[in-house]
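my questions are about this predicted structure, shown below with the sequence.
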Amino acid sequence: MNQHDFPVLNAYLADMGESVAPAWPDRIESSEDLLGFYDRLFSQLEEKLWKEGLDEPLLKQYQLLVEEMDQQLNRMGKADHRHHFIITIPVADRPQHLVACLKSLLQLNRCFPYGNGADGNIHKLSVLIADDSKVPENILENKRIAEDFGLRGLEVVYFGQQEQWEITQALGEEQKEQLQQILGSFKASSFYRKGASIMRNIAYLKLHEMGRRWKKTLYYFIDSDQEFQVKIGAGDDDRNIYALNYFYHLDRIFSRKDVVMLTGKVVGDPPVSPAVMASNFLDDVLTFLSQMANLDGKQDCRFHQGRTQGDDTAAYHDMADLFGFETSKSSFQYQCGVPVRHDHQACFQEFAGKLQQFFDGEHPTRKTYYDFSAVLENTVPARTVYTGNYVFKRAGLDYFIPFAPLRLRMAGPTMGRLISAELGNRFVSANLPMLHKRTITETGQSEFRPGIVREAQMVDLSGEFERQYFGDVMLFSMEKLTQEGYSQQMPDKQYVEQVLQQTESRLRKKYVVKHEQIRQKAKRLEQLLQEESCWWNSDSSLQSSVDEVRHFIANIKYNFGPDAKGIGYILSGLHQKQRLQQMLQAIMHYQEEQVVWQHLMKD
């Protein structure tokens, strides 16, 4: 293989100039030789690509270089030592999200090819759809989706509930008993919506079988409501784009570093529940209406200033301080999305129309955007697993999602604390976020989300709220225990119980204070909305938009008022006692389960 076999590369190197272009290898006998050259080239290119915003002509050139590199690597046959990826997508009654996710995977592979053969098939990517749906129509649709994308050159394996049941029942009776806190305990007639953590753990059993087909395999878990894009810009320039060379970077990290597991993050919609975003969002809604009240409704819209506070990655979280972030001291201004010239009335209408989407997990004022940093150079030790974006090699199968049957939120951060304590620097985070899209464009709503119940005009968050609160209790209890050596030695049961009780007491105080703040802010918002002097109350054409804001306030009061079911779970001594007892038992048995599981995962 000679340099003249790379016309796109040669043209690009000529433009760079000999003084800055990386030297061509003296010899190329393996893919590693060639990739070592491209590591240097792409490092320089990506710095230029993002130096002053996104250079789109250079992005196109980058994609052509990747295509040419991939073609040459594929021609090397067995000398191409890149990893094979199995991309696992757990899905429960979200067929529209699943289609969008798979489309984005194919589009990414057109932009940044990885293992694209001359026969039109993608040879280094496989997809495992782990279906946890309940609705028969959605199960049939997910099967059809798997078949459809399988015809597009992508290997897609549909892992349905019958096969899931069979793979769990194939375990010995003693193993099934020992692994109940990992795989759950279900009847064949209700083997659906088992929960995201249990579904992932069951998928590990399938992956343990599948991964043997390839010499070097990476297991890549993503969520069905994510896409292989990033969000850049803001305001009128807010857009999603295919700009990251995901598979190349992941292959290089696992090839060049001693890494067992890697986690990415998300951009776009926040990865947390609305239950812990309401206070900050109310600040933003109050600011928006206060500014609008002092403007002329017929004036040209002024809400197009662009992003000014996008670097605060946890700004959406009401209690960001719990995770070591500074709590945002100011509200965020809404960036209007109306594309044509318009007045403040049109902006008001657009904003009002987005408010209800907050209860589906969108955050109209505090989305997260991509900021460039060199991937390999900025791969750092991690302590949180984003379960919608994590990758591991075969040794990572040892680390199941802990405490799965409790169905708590924050399972990924809790898992991360345990893995960090065991793996240290071999558990890392990389700047390879995926785009998170909570809702479907056609409806403005999410598909299925556990813990969310729609009751006529109301959205009941109480189930998700309860899972969030006790998930926080578990997370910060485990954080303390792992810092004290939990992964090496089992602490005394009485001490674990004490840690749980102290953590719960501390968090309950914070949650109660935050809920009082939410109630006060909702009251001020209602007063401002109804103020007779505000121009939106004197224009009948805006009545439906005013009603949408009123509907939003009613939902806030329903979920965060003094009689809300969510806060009731926290203040109920009986419920608290039951949950803490469940958590205590789960913690005390974790190490025994880990021994059984790791024996099961042995080759």
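Right, received. Where do you want to start? Numbers count the residues shown, from 1 in each chain.

quick check, W24 in contact with Y38.
No. Contact between W24 and Y38 fails when scored by Cβ atoms under 8 Å: they sit 11.0 Å apart. All C-beta spots, glycine's among them, are computed from the backbone N, C-alpha and C.

where does the protein have its least confident helix or strand?
Using mean pLDDT, DSSP states H and E, strand 453-455 stands out as the lowest-scoring helix or strand of the chain, at a mean of 74.

what residue ranges in the stretch 451-600 of the chain are flagged as low confidence?
Along the stretch 451-600 of the chain, the parts satisfying pLDDT under 70 run over 451-452, 487.

for it, what spans make up the strands?
453-455, 458-460 (DSSP state E, counting those that start in this stretch).

for these, which one ends up most surrounded?
Among the strands of the stretch 451-600 of the chain, strand 458-460 has the highest mean neighbour count (mean count of other Cβ atoms under 10 Å), at a mean of 17.

what strands line up against that one, and which way round?
strand 453-455 (antiparallel) (DSSP bridges).

ok so, going back, reformat the strands of the stretch 451-600 of the chain as JSON lines; add distance to E531.
Shown next, in JSON lines, are those (distance: least, Cβ to Cβ, whole Å):
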{"stretch": "strand 453-455", "distance to E531": "30"}
{"stretch": "strand 458-460", "distance to E531": "25"}
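
quick one: closest of the ones you listed to G268.
G268 sits nearest to strand 458-460 of all the strands of the stretch 451-600 of the chain, at 20.5 Å, using Cβ to Cβ.

how does this protein divide into domains?
By the assignment in automatic domain parsing, the chain contains the domains 3-78, 82-272+369-448+591-600.

among these, which is nearest W535?
W535 sits nearest to domain 82-272+369-448+591-600 of all the domains of the chain, at 23.7 Å, using Cβ to Cβ.

quick revisit: Y316: which of the strands of the stretch 451-600 of the chain is closest?
Of all the strands of the stretch 451-600 of the chain, strand 458-460 sits nearest to Y316, with 18.1 Å by Cβ to Cβ.

quick check: phi and psi at the residue most central in space within the chain.
For the chain, the residue sitting closest to the mean C-alpha position, by Cα atoms, centre = their mean, is G388 at 4.2 Å. Dihedral angles of G388 (phi, psi; degrees, to the nearest 10) stand at phi -90, psi 0.

list the contacts for it?
Neighbour list for G388: 221-223, 225-226, 266, 271, 434, 436 [criterion: Cβ atoms under 8 Å, 6 or more residues apart in numbering].

what stretches of the chain score poorly on pLDDT?
Segments of the chain classed as low confidence (criterion: pLDDT under 70) are 18-19, 234-236, 307-313, 328-329, 441-449, 451-452, 487.

hang on, the earlier thing: give me the more crowded residue out of W24 and Y38.
Neighbours were counted for W24 and for Y38 using other Cβ atoms under 10 Å; Y38 has more, 18 against 14.

other residues contacting the helix or strand hosting the more buried one?
Taking DSSP states H and E as the criterion, Y38 maps to helix 31-49. With contact meaning Cβ under 8 Å, 6+ apart, helix 31-49 is reached by 1, 9, 16, 20-25, 27-28, 55, 58-59, 62, 65, 69, 72-73, 76, 79-82, 243, 245, 248, 252, 255-256, 372, 374-377.

distance between the longest helix seen in the chain and the chain's centre?
When the chain is parsed with DSSP state H, its longest helix is helix 493-530. A distance of 25 Å separates the centroid of the chain from that of helix 493-530, by Cα atoms, centre = their mean, to the nearest Å.

what are the buried residues along it?
496-497, 499-501, 503-504, 507-508, 511, 514-515, 517-519, 521-522, 525, 528-529 (16 or more other Cβ atoms under 10 Å).

do the same with stretch 187-195
Neighbour-count burial for stretch 187-195, counted by 16+ other Cβ under 10 Å, picks out 191-195.
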